[in-house]
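[1] Whatever this is, show me its structure:
(chains A and B)
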Amino acid sequence: MASIVAVIASTHHPFYYRASTSTGEDRPPFADEWVRKITAFRETLTRANPDVLVMVGSDHFHQLWLDNMPQFLVGKAPFYDANWYNEEREFGLPRMLLKGQEDLSAHILRAGLDSGFDLAFSNELRIDHSVTCPIITLRPEADLPIVPIYTNIFAPPLPQPKRFVQLGEAIRRIVEEWPSHLRVAVIGTGHLSLELGGPRQFGPHGPDPEFDRRAVEWIATGDLDNCLREVSLESLHAPGNATHGFMDFMLMMGVAGAGAKADYVDTLDLFHTMEAYFTWYPNGAPA
Amino acid sequence: MSKYLLNKFLYTVDRDPSLVERYRDSPGEMVSWWEAERANAVLNCVTGEASTWQRFTDEERTALVEHDHCKLFELGAHPFLTLTLFIAMFERDNTEPLEYQKAYGARMAHFALPYPDIAT
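    So this is what the prediction gives:
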């Protein structure tokens, strides 16, 4: 059976690519520290030596639209083109092409459907920065095949937080049951407190540093009990109007498992939003 | 209320560079054209199977024509769509980094929780 060699949860900050590649006067003052932290975070994936990446993210109204909106969608395609015109325009993100791992996509879809998750699928999916940001930060060679999984954290009505956790738990079990010798890393990205298009956006810190502090503690300690007790679809409006992206972190807590303490935890307090990086090694830390 | 149609406008304009420029430069003409020619298009249908019932309210149409992102927020347009398109139109006028983004937030300071419902 396949092995899950790393579980990684991260924020996805579309400004990282431009900040890390800019030079001279264009280089922001926080870029060097950010690059140092990302480089250390990247090493936690490199050490696990994965063959395949399951990538959990959320389409930002690029291919998935309100006339036909899936709650959870699995890509099943041999290739995924990536990044969109408006992401080039606003963030300077490059066009990318990633390989797919269709056998694992098919396995996740079949086993997911048989486990009570009515997963949507796509055979032609252009992915966006929720998946490409962690490729850029964690595997910039972009050389490993992927299975993209999209969640709806964006267009209400949304699934309940508990459902994200349950899907994460199912992904863990389903991948570990995949009849393959391959080494799989499951990587998911979301947000801590975040405001987009509202009065609290682009402040000197994230819109709710106290929420961020508690969220990092829940994730780092695998404290799903308190997280699920305190987080609801309604409560997530308070820390910032885009904070429902935190539910992708909850999905990753489900993948890591209740009570699983992260092997690697780091944060970076930036303007607009706090960055947070977590890695778990389900089978023990690699040598 | 046609939050869906507001979002459809923001979404379809944002992804088309020529429409972004047209909306920045000639919002009145552009919004009229879009409502007449594009509002009823079903996005994954390239032939004649269009909808027949989509139209803006007067309030929504005025908010779009006036580039009034605060009013769009009040009407329940999706804030991510509005922000992304307005950055595309106006960030270019910045004299310092994030100037437009910060001013955009500052103009919305009168909004308190709970924000307008964005469910469609």
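
[2] what mean pLDDT does stretch A:105-123 have?
    Averaging pLDDT along stretch A:105-123 yields 98.

[3] I misspoke; the intended subject was stretch A:219-230.
    So the average pLDDT for stretch A:219-230 ends up being 98.

[4] Need the contact partners of it.
    For stretch A:219-230, the external contacting residues (CB atoms under 8 Å, 6 or more residues apart in numbering or on different chains) are A:9, A:161-162, A:165, A:214-215, A:217-218, A:249-250, A:252-254, A:256-262, A:265, A:276, A:278. The way it works is simple: take the backbone N, C-alpha and C, and place the C-beta from them, glycine included.

[5] need the residues of the stretch 151-287 of chain A near chain B, please.
    For the stretch 151-287 of chain A, the residues in contact with chain B (CB under 8 Å from any CB of the partner chain) are A:154-157, A:195-203, A:237-238, A:241-242, A:271.

[6] Tell me what residue A:73 is bridged to.
    Legend: beta-bridge partners of residue A:73 under DSSP bridges are residue A:120, residue A:150.

[7] shouldn't it be in contact with residue A:123?
    No - Residue A:73 is beyond contact range of residue A:123, at 11.2 Å (criterion: CB atoms under 8 Å).

[8] Which one's more surrounded, those two?
    Legend: neighbour count by other CB atoms under 10 Å in any protein chain shown for residue A:73 and residue A:123, higher for residue A:73 (22 against 11).

[9] Enumerate every residue touching that one.
    A:64, A:119, A:120, A:121, A:122, A:125, A:149, A:150 are the contacts of residue A:73 under CB under 8 Å, 6+ apart.

[10] ok, now how distant is it from residue B:5?
    Remark: distance between residue A:73 and residue B:5 (CB to CB, to the nearest Å) = 24 Å.

[11] can you give me the strands in chain A?
    For chain A, the strands defined by DSSP state E cover A:3-11, A:52-57, A:72-75, A:79-82, A:96-99, A:120-122, A:146-151, A:183-190, A:264-269, A:274-280.

[12] Any chance of those in JSON lines with distance to residue A:30 as columns?
    JSON lines is the format used below for the strands of chain A (distance: least, CB to CB, whole Å):
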{"stretch": "strand A:3-11", "distance to residue A:30": "14"}
{"stretch": "strand A:52-57", "distance to residue A:30": "24"}
{"stretch": "strand A:72-75", "distance to residue A:30": "33"}
{"stretch": "strand A:79-82", "distance to residue A:30": "26"}
{"stretch": "strand A:96-99", "distance to residue A:30": "25"}
{"stretch": "strand A:120-122", "distance to residue A:30": "36"}
{"stretch": "strand A:146-151", "distance to residue A:30": "29"}
{"stretch": "strand A:183-190", "distance to residue A:30": "20"}
{"stretch": "strand A:264-269", "distance to residue A:30": "8"}
{"stretch": "strand A:274-280", "distance to residue A:30": "10"}
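
[13] what about residue 118, neighbour count?
    In the absence of a named chain, chain A is used. Neighbour count for residue A:118, taken as other CB under 10 Å: 9.

[14] Correction: the question concerned chain B.
    Neighbours around residue B:118, by other CB under 10 Å: 20.

[15] so what's the closest residue to chain A within chain B up against?
    Residue nearest to chain A within chain B (CB to the nearest CB): residue B:79, separated by 2.8 Å. Counting by CB under 8 Å, 6+ apart, residue B:79 touches A:196, A:197, A:198, A:241, A:242, B:73, B:115, B:118.

[16] Let me have these in TSV, extended by pLDDT and distance to residue A:176.
    Converted to TSV, the contacts of residue B:79 look like this (pLDDT from 0 to 100; distance: CB to CB, whole Å):
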residue	pLDDT	distance to residue A:176
A:196	97	36
A:197	97	40
A:198	97	40
A:241	97	36
A:242	97	32
B:73	98	45
B:115	98	41
B:118	98	38
